[in-house]
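Peer 1: curious how this folds, go ahead:
(one chain, ligands or ions: 1)
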Amino acid sequence: MRFWNLRVVFYNYLQSNTFNFYLCSVFKPNLMSAANLEDYRKVTTHRLFEMKQRGEKISMLTAYDYTMANILDLSGIDVILVGDSASNVMAGNITTLPMTLDQMIYHGTSVVKGVKRALVVVDMPFGTYQGNSKEALACAIRIMKETGADCLKLEGGEEIIESVTRILSAGIPVMGHLGLTPQSINKFGTYNVRAREEVEANKLVADAHLLEEAGCFGITLEKIPAALGTKVAKELKIPIIGIGAGGGVDGQVLVVHDMMGMTSKGFSPRFLRRYSDLNSIMTNACQQYIKDVKSCDFPNEAEQY
Ligand code: KIV
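Peer 2: Numbering: from 1, shown residues only. I've put the predicted structure just below:
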């Protein structure tokens with residue numbers, strides 16, 4: 001009987017936060033140094049706002065599947081974006097335009113299953129919000145219901161403000177996206193830096209204010225002059241996350257396949273820092289596997305039943 005009680009106490013300990021904290025400290029030092037225990041609370045849009053207020057930079061990366069999302073989450077990333085860049089890095093398309101609502105829901109659902117702490121943002125794909133705002137809301141509700149994500153991101157300013165407002169009115173948090181908006185690539189014609197000219201820069205600033213006033217919790221600024229990124233971050237209270245928008249914004253986002261060095265070295269915009277060379281690492285592993293199979297080195301005695 002006494003032994004049984006001890007087992008119950010031990011079992012409860014295994015389930016407790018104290019034990020999990022101990023486990024994290026001992027076995028996951030990288031995890032604990034990236035995020036202290038306080039950070040283990042779920043990241044919310046409100047917490048991002050507080051991070052901006054106290055000057056703590058926000059880290060954001062894309063993910064499109066369960067395994068990658070789980071790695072990023074356990075590393076302590078603040079925000080995971082299920083970007084429609086899945087169209088490029090997962091589906092092999094040249095632009096983000098072909099991405100469908102069902103495909104974004106598939107990626108969103110897979111990512112959410114791998115995440116406990118990070119805020120999960122899902123991109124609304126091209127064609128789901130640029131027209132009728134009621135249809136936009138219906139699409140937004142489908143993404144939220146079917147993926148379990150925390151919020152959505154939409155590209156554009158004044159042109160889509162009706163959709164933004166309607167989605168927000170349903171209690172769905174929205175992140176804006178200004179500057180280089182890849183869903184408009186056919187209008188821009190190139191992926192060059194946007195808003196270098198005064199007229200476009202002024203419109204971007206006006207759009208950023210409009211999105212904040214509408215109730216967006218944050219804005220992504222893509223590929224614009226650093227000075228403009230800093231100006232917007234200073235003028236707005238909501239967090240501004242940059243990708244090629246300089247160091248004066250409130251946080252940074254990169255496409256995970258790019259920063260891990262999985263995508264072609266030929267793609268090397270100035271804003272991209274590669275933190276690994278997974279392309280070479282994976283190629284080497286694959287070549288070694290092929291060699292081992294051909295030479296009958298794999299499987300060895302210990303690797304069979
Ligand atoms: O789809 C995406 O990956 C994005 C980032 C470039 C911000 O929108």
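Peer 1: for residue 207, what are its contacts?
Peer 2: Residue 207 makes contacts with 156, 157, 158, 176, 178, as judged by C-beta atoms under 8 Å, 6 or more residues apart in numbering. Where C-beta positions appear, they are placed from N, C-alpha and C, glycine not excepted.
Peer 1: tell me the one of the residues you listed nearest residue 145?
Peer 2: Of all the contacts of residue 207, residue 145 sits closest to residue 176, with 22.3 Å by C-beta to C-beta.
Peer 1: okay, the closest one: pLDDT?
Peer 2: Here, the pLDDT recorded for residue 176 equals 98.
Peer 1: that one: how many residues sit nearby?
Peer 2: Neighbours of residue 176 under the rule other C-beta atoms under 10 Å: 27.
Peer 1: can you check residue 47 too?
Peer 2: Residues lying near residue 47 (other C-beta under 10 Å) number 16.
Peer 1: please indicate which of the contacts of residue 207 has the highest neighbour count?
Peer 2: residue 176 (27 neighbours).
Peer 1: what sits against that one?
Peer 2: Taking C-beta under 8 Å, 6+ apart as the test, what residue 176 contacts is 153, 154, 156, 157, 164, 207, 208, 211, 216, 218, 219, 220.
Peer 1: I'd like the distance between the third one and residue 222.
Peer 2: It stands for residue 156. 12 Å (C-beta to C-beta, to the nearest Å).
Peer 1: find residues that contact each of these two.
Peer 2: Common neighbours of residue 156 and residue 222 (C-beta under 8 Å, 6+ apart) are 177, 178, 181.
Peer 1: center of the protein - which residue?
Peer 2: residue 81 (2.0 Å; C-alpha atoms, centre = their mean).
Peer 1: quick one: mean pLDDT over the helix or strand harbouring it.
Peer 2: Element membership of residue 81 [criterion: DSSP states H and E] is strand 79-82. Average pLDDT, strand 79-82: 98.
Peer 1: buried ones in it?
Peer 2: Of all the residues in strand 79-82, those buried under the rule 16 or more other C-beta atoms under 10 Å are 79, 80, 81, 82.
Peer 1: what strands line up against it, and which way round?
Peer 2: Each strand paired with strand 79-82, and its direction, by DSSP bridges: strand 58-62 (parallel), strand 119-123 (parallel).
Peer 1: of those, which stretch is the most buried?
Peer 2: Among the strands paired with strand 79-82, the stretch with the highest mean neighbour count (mean count of other C-beta atoms under 10 Å) is strand 119-123, at a mean of 26.
Peer 1: re the thing from before, out of the strands paired with strand 79-82, nearest to residue 301?
Peer 2: strand 58-62 (41.4 Å).
Peer 1: which residues does residue 79 contact?
Peer 2: So residue 79 contacts 43, 48, 58-61, 118-121, 241, 251, 253 (C-beta under 8 Å, 6+ apart).
Peer 1: any idea how many residues pack against the closest residue to residue 100 other than its chain neighbours?
Peer 2: Spatial nearest neighbour of residue 100, chain neighbours left out: residue 125 (6.2 Å); criterion: C-beta to C-beta, 6 or more residues apart in numbering. For residue 125, the count of nearby residues is 23 (other C-beta under 10 Å).
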